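Colleague: predicted model and sequence follow; I will ask about them next.
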Amino acid sequence: MRTLFPSLLGTLVLALLLAAPSWAGPAPLALDEGWEYRWGDSPFRSDGTPAWVAEPASPGEWKPIAFPSNPPGRGGNKHAWFRITLPEGEWRDPVLYIYSVDLITQAWLENELIYQYGHFDARGEGRFAGWPWHMISLPETFAGRTLYFRVFSDYTDIGLWGEVKLMDRLDLLHFILERSAWDLVVSAFLLLLALLAFIFALVQADRRSFLGIGLFALAAGIMLLAETQASQLLLEIPLLWDYLAAIGYYTLPVAMGLMLEHWFAAQRPTLLRRIWQLHLGYLVMAPGLALAGVIDLSSTFPPFDALLLVTLLMMFTTIVVHLGALNAEQKLIITSYGLFALLLLVDMAVAHGLLPWRRVPVSGAALGFALAIVMISLWHYRHTQRELHRLNLSLEKQVAERTRALEQMVEKLQAYSYQDALTGLHNRRYFDELLEHEAAVSRRQGTPLTLAMIDIDHFKQFNDREGHEAGDTVLVGVGRVLTHHFRDADVVCRMGGEEFVIIMPGATAAIAEARLAELLEVLSRTRFRHRDRVLGPLSISCGIATYPEHAGDPLTLIGLADKALYSAKHRGRARIETYA
């Protein structure tokens, strides 16, 4: 039965407390020689032990091999056995460390099953269970005894992979933590960078570029975290970590394709779009089929590696052809990503046995990419601060100029009477000057400006029927209702006779229509009194025109609003019409 980490938390605490550099036990011993292999699977005896570990082998059945991985002459074999005679040693708590196994294995110490990873069915086969590192506990009497490995793999590789070492348990855990520390720091840094990039993508104008950077940092951070050996100490679910590593790995070209497509937008990069869309399809399909049980996750890596090799060449060909279209920042990001991609390719070659096994510093290249992003971000921050300072100076200058303009306007207001004598509202002269001022503001700032023309319906007949004094009472009352009804920012003026106008800075036609509709409702319920006599109900007609919706020049609004008012009267009065 499997004996990997019976108490992970306790073991981890002990490792942190006791595994110090001063540990006096024997040094780890790499088992790089003395191995033998045998193709096929052993028959099992009635007591459940493999015949190959209990019966003497014929000469030539076991052949020497330098390392227990990928023996020659595989020829479609999915089963292989490896064995080694364990050396002498004075380890206090001996364990055998294996970097990885393709794909599932049993370990027999002579005729005793001491370790199993994965499930073997009646045919000696089983599904992929992940690529963790392995720690196999050994008895104190292991020296001089033969250790056998039964391996099943339908993957491109078969056997033990990476490195095999004999050492003390605490030394191993210290070794794992020490080896993983750098990757954990880089992973945390990348995940923080991804969070910041996604935040900037929400608030900055250059959203797609920040989205691509954030996606790349997130994918690289998840991949490094999932592949670091310490992750197995945090959560012992190897297949989960392999899914996370695969998703992060498969996301990298999608992120890079998004960035490149955005940077080369002027060149209409259809090829780049097709590349990241192809990888996005693979990202969804491959883990999806593996989760559904249609395929093993392990089988999705070789096709992706081949696809990645081709698409990386296509991406960098595009970069070289259009290198002149990139700015200095983008070239720095491309250079750092190129180093990252190069180390990915080296790691890929090691994984497929094209290069001898070694630890490829992918995390260092990922950190280089992250530092390039940070340097660019700091430069942008400094540049933004300078622009803000310049903008503040410009705003202060504009405020001073506007203050002087307002003072000049106050002087003009003092020189003339801008108040209508009857209603107390602003008069036509005030309206004309204010309209010019607000028109200039709207043009400069690009904000809307609305005029609403109002006329009391059938006012001449009212005067003829009720008298001019009653008419004046109505004009004063209507002016008071208008003043209370509109915003402080809106200006109500009497144009003359029974006609009023409201200047509404910043308001759209829809806002003005809603406000005037409420006004019509208010006036329908309002009754004016003259000499203790209640006057009959009154209605108004309204015309609306808005800049820039209806006019290219704000100064033409008065004519357009007057046309809309005429349309309202022509269509039956007591209504609102917007210029069309």
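Modeller: All right, it came through fine. Numbers count the residues shown, from 1 in each chain.

Colleague: can you pull up the most central residue in this structure?
Modeller: Centroid-nearest residue in the chain: Phe198, 4.4 Å away (criterion: C-alpha atoms, centre = their mean).

Colleague: contacts only, for that one.
Modeller: Taking C-beta atoms under 8 Å, 6 or more residues apart in numbering, we find Phe198 in contact with 210-211, 214, 218. No exception for glycine: its C-beta is placed from N, CA and C like everyone else's.

Colleague: any chance of those in a markdown table, plus pLDDT?
Modeller: Shown next, in a markdown table, are the contacts of Phe198 (pLDDT from 0 to 100):
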| residue | pLDDT |
| --- | --- |
| Phe210 | 79 |
| Leu211 | 83 |
| Gly214 | 86 |
| Leu218 | 92 |
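
Colleague: look up how far Ile65 lies from the residue nearest to the centre of the chain.
Modeller: Look at Phe198 and Ile65: by C-beta to C-beta, to the nearest Å, they are 49 Å apart.

Colleague: tell me which of the contacts of Phe198 is nearest to Ala400?
Modeller: Checking the contacts of Phe198 against Ala400 with C-beta to C-beta, the nearest one is Phe210 at 36.9 Å.

Colleague: burial of the closest one, as a residue count?
Modeller: A count of nearby residues for Phe210, using other C-beta atoms under 10 Å, gives 22.

Colleague: pLDDT value on the closest residue to it other than its chain neighbours, please?
Modeller: Spatially, and ignoring its direct neighbours in sequence, Phe210 is nearest to Ala201 (3.9 Å; C-beta to C-beta, 6 or more residues apart in numbering). You'll see Ala201 listed with a pLDDT of 80.

Colleague: over to Glu498?
Modeller: If you check Glu498, the pLDDT there is 93.

Colleague: and what about Ile275, helix, strand or coil?
Modeller: Secondary structure for Ile275, judged by DSSP: H, G, I helix; E, B strand; the rest coil, is helix.

Colleague: ok, it to Ile213 distance?
Modeller: Distance, Ile275 to Ile213, by C-beta to C-beta: 18 Å.

Colleague: more crowded one of the two?
Modeller: Ile213 (28 against 24).

Colleague: what strand or helix carries that one?
Modeller: Take DSSP states H and E as the rule and Ile213 turns out to sit in helix 207-227.

Colleague: could you tell me which residues within that helix count as buried?
Modeller: Neighbour-count burial for helix 207-227 flags 209-227 (criterion: 16 or more other C-beta atoms under 10 Å).

Colleague: likewise stretch 563-578?
Modeller: Neighbour-count burial for stretch 563-578 [16+ other C-beta under 10 Å]: 563-565, 567-569, 574-578.

Colleague: which of these sits closest to Leu323?
Modeller: Closest to Leu323, out of all of these and judged by C-beta to C-beta, is Thr578, at 54.4 Å.

Colleague: find the nearest non-adjacent residue to the closest one, please.
Modeller: Nearest to Thr578 is Ile544, by C-beta to C-beta, 6+ apart, at 4.4 Å.

Colleague: measure the one you found to Leu434 for me?
Modeller: Applying C-beta to C-beta to Ile544 and Leu434 gives a distance of 18 Å.

Colleague: ditto for Gln116
Modeller: Following C-beta to C-beta, the distance that separates Gln116 from Leu434 is 89 Å.

Colleague: now the helix holding Ile213 - C-alpha only, CSV.
Modeller: Provided in CSV are the C-alpha atoms of helix 207-227 (Å, rounded to 0.1, in the frame of the first residue of the first chain):
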residue,chain,number,x,y,z
ARG,A,207,-7.3,47.4,-21.4
ARG,A,208,-6.4,44.6,-23.8
SER,A,209,-2.7,45.0,-23.2
PHE,A,210,-3.1,44.9,-19.5
LEU,A,211,-5.5,41.9,-19.9
GLY,A,212,-2.8,40.0,-21.9
ILE,A,213,-0.1,40.8,-19.3
GLY,A,214,-2.4,39.8,-16.4
LEU,A,215,-3.4,36.6,-18.1
PHE,A,216,0.3,35.7,-18.8
ALA,A,217,1.4,36.5,-15.2
LEU,A,218,-1.6,34.5,-13.8
ALA,A,219,-0.8,31.5,-16.1
ALA,A,220,2.9,31.5,-15.3
GLY,A,221,2.3,31.9,-11.6
ILE,A,222,-0.2,29.1,-11.4
MET,A,223,2.1,26.8,-13.5
LEU,A,224,5.1,27.5,-11.2
LEU,A,225,3.0,27.0,-8.0
ALA,A,226,1.5,23.7,-9.3
GLU,A,227,4.9,22.4,-10.5
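
Colleague: what helices or strands is that helix leaning on?
Modeller: On a contact count with 3 or more C-beta pairs under 8 Å, 6 or more residues apart in numbering; DSSP states H and E, helix 207-227 meets helix 169-203, helix 238-263, helix 328-351, helix 362-415.

Colleague: in which helix or strand would I find the nearest residue to Glu499 once chain neighbours are set aside?
Modeller: Sequence neighbours aside, Asp455 is the residue nearest to Glu499 in space, at 5.1 Å (criterion: C-beta to C-beta, 6+ apart). Take DSSP H and E as the rule and Asp455 turns out to sit in strand 449-456.

Colleague: can you name the next helix or strand after that strand?
Modeller: helix 459-466.

Colleague: please identify the buried residues of the next helix or strand after that following helix?
Modeller: Later in the chain than helix 459-466, the nearest helix or strand by DSSP H and E is helix 468-485. Neighbour-count burial for helix 468-485 flags 470-471, 473-475, 477-479, 481-482, 485 (criterion: 16+ other C-beta under 10 Å).

Colleague: helices or strands up against helix 468-485?
Modeller: Helix 468-485 packs on strand 449-456, helix 459-466, strand 491-496, strand 499-505, helix 509-524, strand 529-530, going by 3+ C-beta pairs under 8 Å, 6+ apart.

Colleague: can you do 7 Å?
Modeller: helix 459-466, strand 491-496, helix 509-524, strand 529-530 (3 or more C-beta pairs under 7 Å, 6 or more residues apart in numbering; DSSP states H and E).

Colleague: hey, which of the ones you listed is tucked in deepest?
Modeller: Across the helices and strands packed on helix 468-485, the average number of neighbours (mean count of other C-beta atoms under 10 Å) peaks for strand 491-496, which reaches a mean of 20.

Colleague: give the rounded mean pLDDT of stretch 169-177.
Modeller: 92.

Colleague: same deal with stretch 409-426?
Modeller: pLDDT averaged over stretch 409-426 gives 77.

Colleague: please apply the same query to stretch 247-262.
Modeller: On average, stretch 247-262 scores 85.

Colleague: and which of the contacts of Phe198 is nearest to Leu425?
Modeller: Phe210 (52.5 Å).

Colleague: that older thread, between Ile544 and Leu434, who's got more neighbours?
Modeller: More crowded of Ile544 and Leu434, by other C-beta under 10 Å: Ile544, with 31 against 18.

Colleague: wasn't that one part of a strand?
Modeller: Yes: checked against three-state DSSP, Ile544 lies within a strand.

Colleague: the closest residue to Arg207 other than its chain neighbours - how many residues pack around it?
Modeller: Excluding the flanking residues, the one nearest Arg207 by C-beta to C-beta, 6+ apart is Ala201, at 4.9 Å. Residues contacting Ala201 under the criterion other C-beta under 10 Å number 18.

Colleague: quick one: Ala201 from Ala217, how far?
Modeller: Counting by C-beta to C-beta - Ala201 and Ala217 are separated by 12 Å.

Colleague: ok, back up a step: you'd agree the residue nearest to Glu499 is up against Glu498?
Modeller: Yes: Asp455 lies in contact with Glu498 (C-beta atoms under 7 Å); the separation is 6.0 Å.

Colleague: what secondary structure does Arg92 sit in?
Modeller: When the rule is three-state DSSP, Arg92 gets the label coil.

Colleague: how near is it to Glu140?
Modeller: As judged by C-beta to C-beta, Arg92 and Glu140 stand 9 Å apart.
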